[in-house]
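>>> Below is the structure, and that's it, no one-letter string:
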Ligand code: WT7
């Protein structure tokens with residue numbers, strides 16, 4: 001059980017009202033207003049979403065039908081035509097916003113850039129034209145593997161401008177992980193950089209691209225666009241690799257946005273599941289644009305004067321929805337930061353807030369716990385008075401971290417939105433609305449209007465008040481995952497048949513455990529499946545296990561999450577060795593490094609536990625529950641009568 005779970009089981013009772021000054025000017029001003037929006041959306045969802053779509057977005061052509069729901073497949077705004085790049089850029093150019101700052105970039109070491117909407121539009125058009133000149137057409141997939149530099153947003157908007165679904169791969173993933181994703185997506189072009197800055201050092205990401213593409217590793221890839229960032233020497237393969245600064249010179253400043261069908265794929269984003277390789281979550285154009293737009297507006301209470309800083313990397317869904325598309329669709333100013341707290345500059349986050357007058361700050365509990373540990377002197381030494389709203393995402397926030405965030409960073413004047421959602425949901429699902437919802441530290445509070453959430457048992461029956469169960473969603477929503485790329489069956493079984501549908505009622509299975517309190521507030525406990533949440537990053541146990549067994553010394557491996565004060569969970573790998581190999585610190589180190597090479601540093605196990613055998617049931621299934629107990633130093637709880645060989649347990653205990 002994680003720290004957050006333990007604390008929330010203690011039944012946090014504190015209640016924090018939205019500050020009156022905040023509510024007065026908020027988009028949604030009171031709980032009553034929230035309730036009436038919620039009721040309206042529930043009683044007539046199609047009218048609710050249609051009115052918003054009409055008001056908030058630009059359409060080249062209006063839709064014929066708001067929702068076509070053939071469970072578990074949904075189509076939103078059927079027949080409508082729009083373009084998200086147009087909604088994020090072009091429509092702001094005929095207003096005062098044309099010369100407003102769209103993107104503030106704080107780079108390392110000491111670099112920085114402010115880009116207006118007009119300039120961003122020009123750069124996006126140039127990139128779009130460069131992609132076209134390389135033969136990229138509507139429907140072709142483009143891989144993006146970049147550090148946190150403006151060109152990553154430019155690349156995304158350029159792809160969606162011409163209707164080429166992008167697949168952004170987090171720059172911290174290894175060549176192997178990159179290759180898997182590019183192969184599955186059959187990317188035609190990759191956009192990357194000569195490197196990036198991470199904690200005072202250069203990360204050589206182009207080498208990873210070269211490795212992934214070596215020996216025709218990804219046959220679909222024809223061209224690579226390389227952004228010059230660090231200027232250090234790299235390999236440029238003739239007729240394959242092209243410098244962006246050279247392409248840019250040749251490319252025209254105008255590129256009309258392609259009118260896309262509302263249901264045309266917008267992007268694919270890979271995420272870890274319980275089995276097999278990461279799955280390609282497919283999002284489509286109209287529903288995603290609308291939902292990320294309206295959630296940004298209402299949850300972050302976005303106004304024209306705001307400066308929103310979402311600290312997530314663009315390689316994750318949070319970066320897609322609340323660093324790029326949501327803020328820009330609203331004509332907001334978004335902040336992108338290439339750096340991270342490090343010994344040479346532990347107060348850097350607070351410097352960024354002070355320097356740019358950030359008003360909305362959105363980060364993860366792991367980061368908040370790290371800041372707590374570094375001490376409050378760092379933030380207190382900066383002027384953080386520009387902040388008016390704080391957000392949390394990625395894992396349960398424990399009440400102690402919530403209180404610290406509220407008091408030290410928010411000065412007790414900023415509401416906190418604890419937002420629960422997933423790669424698959426596209427946008428935030430459970431959250432306070434900051435001017436309306438009373439907050440309880442550790443609760444994600446209430447569903448966004450249009451979302452019907454429930455805590456159920458495995459038969460789909462709602463459990464009682466404060467009883468633990470599975471968090472499920474009862475209705476389709478505009479930005480929901482449409483399918484798993486090239487695997488509709490996996491989509492159906494993973495998300496909609498895990499809880500068997502009854503009488504045509506399908507329940508979307510989130511993979512999270514939760515409880516609902518007497519006020520209808522949701523408390524999310526964390527994953528109930530074989531997914532580990534390390535520092536807000538989602539990893540499948542299977543993925544890490546396959547990485548471990550691909551090492552010659554390893555016979556079998558089982559991976560579990562162990563509670564960690566800072567990271568939420570950390571990875572523990574139990575391994576048995578092949579004949580001729582023996583446990584040693586050296587080998588443990590080597591195995592950790594091997595996983596980092598195979599997947600990325602984020603997957604590196606904190607502990608390797610050598611054992612003679614793994615606890616298995618008589619049918620040969622590894623009993624992860626037993627390993628989880630052992631890893632966290634708890635007594636082995638629950639029924640172990642199905643354990644095939646009880647002596648295994650004693651040996652593991654001895655070794656643990
Ligand atoms: C998983 C989704 C889209 C958010 C970034 C991660 C956990 C997310 C919360 C929260 C408790 C949370 C869940 C979820 N999670 N937000 N506010 N409280 N848990 O996206 O990689 O798709 O992971 O993150 O376990 O299922 P992701």
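Thanks, I have it. Predicted model, so just to flag it, every value in this text is computed and none were measured. Numbers count the residues shown, from 1 in each chain.

>>> pLDDT below threshold where in this structure?
Applying pLDDT under 70 to the chain flags residues 1-11, 637, 654-656.

>>> Spell out which parts of the stretch 201-350 of the chain neighbour the ligand.
Residues of the stretch 201-350 of the chain found near the ligand (CB under 6 Å from any ligand atom) are 271, 317, 318. All C-beta atoms are positioned from the backbone trio N, CA, C, and that covers glycine.

>>> Can you flag which of those belong to strands?
Among these, the residues falling in strands (DSSP state E) are residue 271.

>>> Serialize the residues of the stretch 201-350 of the chain next to the ligand to TSV and add fields for neighbour count.
As requested, these are exported to TSV (neighbours: other CB atoms under 10 Å):
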residue	neighbour count
271	19
317	25
318	24
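
>>> Now name the helix or strand holding the closest residue to residue 277 other than its chain neighbours.
Residue nearest to residue 277 in three dimensions, not counting chain neighbours: residue 180, with 5.8 Å by CB to CB, 6 or more residues apart in numbering. In the assignment (DSSP states H and E), residue 180 maps to helix 175-185.

>>> Over to residue 419?
Assessed by DSSP H and E, residue 419 sits inside strand 416-419.

>>> re earlier: so after the helix holding residue 180, what's the next helix or strand?
Per DSSP H and E, helix 175-185 leads on to strand 189-193 as the next helix or strand towards the C-terminus.

>>> which secondary structure elements does that following strand contact?
strand 142-144, helix 150-162, helix 205-213, strand 223-227 (3 or more CB pairs under 8 Å, 6 or more residues apart in numbering; DSSP states H and E).

>>> Out of the ones you listed, which gets nearest to residue 588?
Nearest to residue 588, of all the helices and strands packed on strand 189-193, is helix 205-213, at 25.1 Å by CB to CB.

>>> give the contact list for residue 137.
Going by CB atoms under 8 Å, 6 or more residues apart in numbering, residue 137 touches 162, 164.

>>> Torsion angles phi and psi at it?
When read as degrees, to the nearest 10, the backbone of residue 137 gives phi -120, psi 170.

>>> Over to residue 643?
Residue torsions, per degrees, to the nearest 10, at residue 643 are phi -60, psi 130.

>>> Could you measure from the closest residue to it other than its chain neighbours over to residue 527?
Excluding the flanking residues, the one nearest residue 643 by CB to CB, 6+ apart is residue 615, at 5.7 Å. Computed as CB to CB, to the nearest Å, the residue 615 to residue 527 distance reads 21 Å.

>>> Same question for residue 504.
From residue 504 across to residue 527, the span is 28 Å (CB to CB).

>>> what do you get for residue 319?
Going from residue 319 to residue 527 by CB to CB gives 21 Å.

>>> These two: which has the busier surroundings?
Between residue 319 and residue 527, counted using other CB atoms under 10 Å, residue 319 has the larger neighbour count: 23 against 19.

>>> sorry, back to before: and the strand holding residue 419, what does it pack against?
If contacts are counted by 3+ CB pairs under 8 Å, 6+ apart, strand 416-419 sits against strand 389-393.

>>> Identify all contacting residues around the strand it packs on.
Strand 389-393 is contacted by residues 22, 299-301, 310, 312, 318, 359-365, 368, 402, 405-406, 409-410, 414-421, 428, 434, 536 when judged by CB under 8 Å, 6+ apart.

>>> so who does the residue in the stretch 151-300 of the chain that the ligand sits nearest to touch?
Shortest the stretch 151-300 of the chain-to-the ligand distance, computed as CB to the nearest ligand atom: residue-wise this is residue 271, at 5.2 Å. Contact analysis of residue 271 by CB under 8 Å, 6+ apart lists 278, 279, 281, 317, 422, 423, 424, 538.

>>> doesn't the last one fall inside a strand?
Yes: with DSSP: H, G, I helix; E, B strand; the rest coil as the criterion, residue 538 is assigned to a strand.

>>> what about it, neighbour count?
21.

>>> How about the fifth one?
For residue 422, the neighbour count with other CB under 10 Å is 18.

>>> what residues are up against residue 535?
364, 366, 566, 567, 568, 602.

>>> And for the fifth one, nearest residue in space, chain neighbours not counted?
Nearest residue to residue 568, sequence neighbours excluded (CB to CB, 6+ apart): residue 395, at 4.6 Å.

>>> what's stretch 538-552 in contact with?
271-278, 423, 530-533, 554-561, 571, 573, 575, 578, 590-591, 594-595, 598-599, 602-603, 605, 624.
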